[in-house]
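Enquirer: Provide a 3D model corresponding to the input given below.
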Amino acid sequence: MPEDVFFSHYHFTPREKEVLLLYIQGYSRKEIAKRLGISENTVKVHLSSIYNEVGVSNREDFFKVLKEYQVTQVGYHSFLFSVLSSLIKGDDGVRELST
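Expert: The predicted structure follows:
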């Protein structure tokens, strides 16, 4: 998950931030739409706006920018912790490690 510095660097609307947080957690457009009570097309529009604000054209490039930002702004150790955390949570990024 990006730090608050990331969100203050870019000018996302509150709804774009909600969409982005779910998107980063691995939810599909359909799942995001259902969780937020909006249409899939609206989610697509928000993601396009986010990509434009960040200066990328697709998901892969967005995550590269996010990774680079995380490493340069909050440090490499924080980046490694976030990767480890996502691996522990599982493929969808929302499950917790079971004991």
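Enquirer: wait, residue 53 sits on residue 11?
Expert: Yes: judged on Cβ atoms under 8 Å, residue 53 makes contact with residue 11 at a distance of 6.4 Å. From N, CA and C alone the C-beta is placed, and that goes for glycine too.
Enquirer: looking at the two, which one has more neighbours?
Expert: More crowded of residue 53 and residue 11, by other Cβ atoms under 10 Å: residue 53, with 15 against 8.
Enquirer: per-residue confidence at the most centrally placed residue in the chain?
Expert: Most central in the chain under Cα atoms, centre = their mean is residue 24, positioned 2.6 Å from the mean C-alpha point. Predicted confidence (pLDDT) for residue 24: 88.
Enquirer: and the gap between it and residue 62?
Expert: Distance of residue 24 to residue 62, given as Cβ to Cβ, to the nearest Å: 9 Å.
Enquirer: ok, now residue 29?
Expert: Residue 29 is 14 Å from residue 62, by Cβ to Cβ.
Enquirer: what about the host helix or strand of residue 7, average pLDDT?
Expert: Assigned by DSSP states H and E, residue 7 belongs to helix 4-9. The average pLDDT within helix 4-9 is 76.
Enquirer: can you name the element that comes right after it?
Expert: Going down the chain from helix 4-9, the next helix or strand is helix 14-24, by DSSP H and E.
Enquirer: flag the shaky bits of the protein, pLDDT-wise.
Expert: Within the chain, the ranges that satisfy pLDDT under 70 run 1, 3, 73-87, 89-99.
Enquirer: all helices for it, in order.
Expert: 4-9, 14-24, 29-36, 40-54, 59-74, 76-89 (DSSP state H).
Enquirer: what's the angle between the fourth one and helix 14-24?
Expert: Between the direction of helix 40-54 and that of helix 14-24, the angle (axes from the mean of the first three to the mean of the last three Cα atoms, to 10 degrees) works out to 90 degrees.
Enquirer: how about helix 40-54: buried residues?
Expert: Neighbour-count burial for helix 40-54 flags 42-43, 46-47, 49-51, 54 (criterion: 16 or more other Cβ atoms under 10 Å).
Enquirer: with distance to residue 5 added, can I get those residues in CSV?
Expert: As requested, the buried residues of helix 40-54 are arranged in CSV below (distance: Cβ to Cβ, whole Å):
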residue, distance to residue 5
42, 27
43, 25
46, 21
47, 21
49, 20
50, 17
51, 20
54, 14
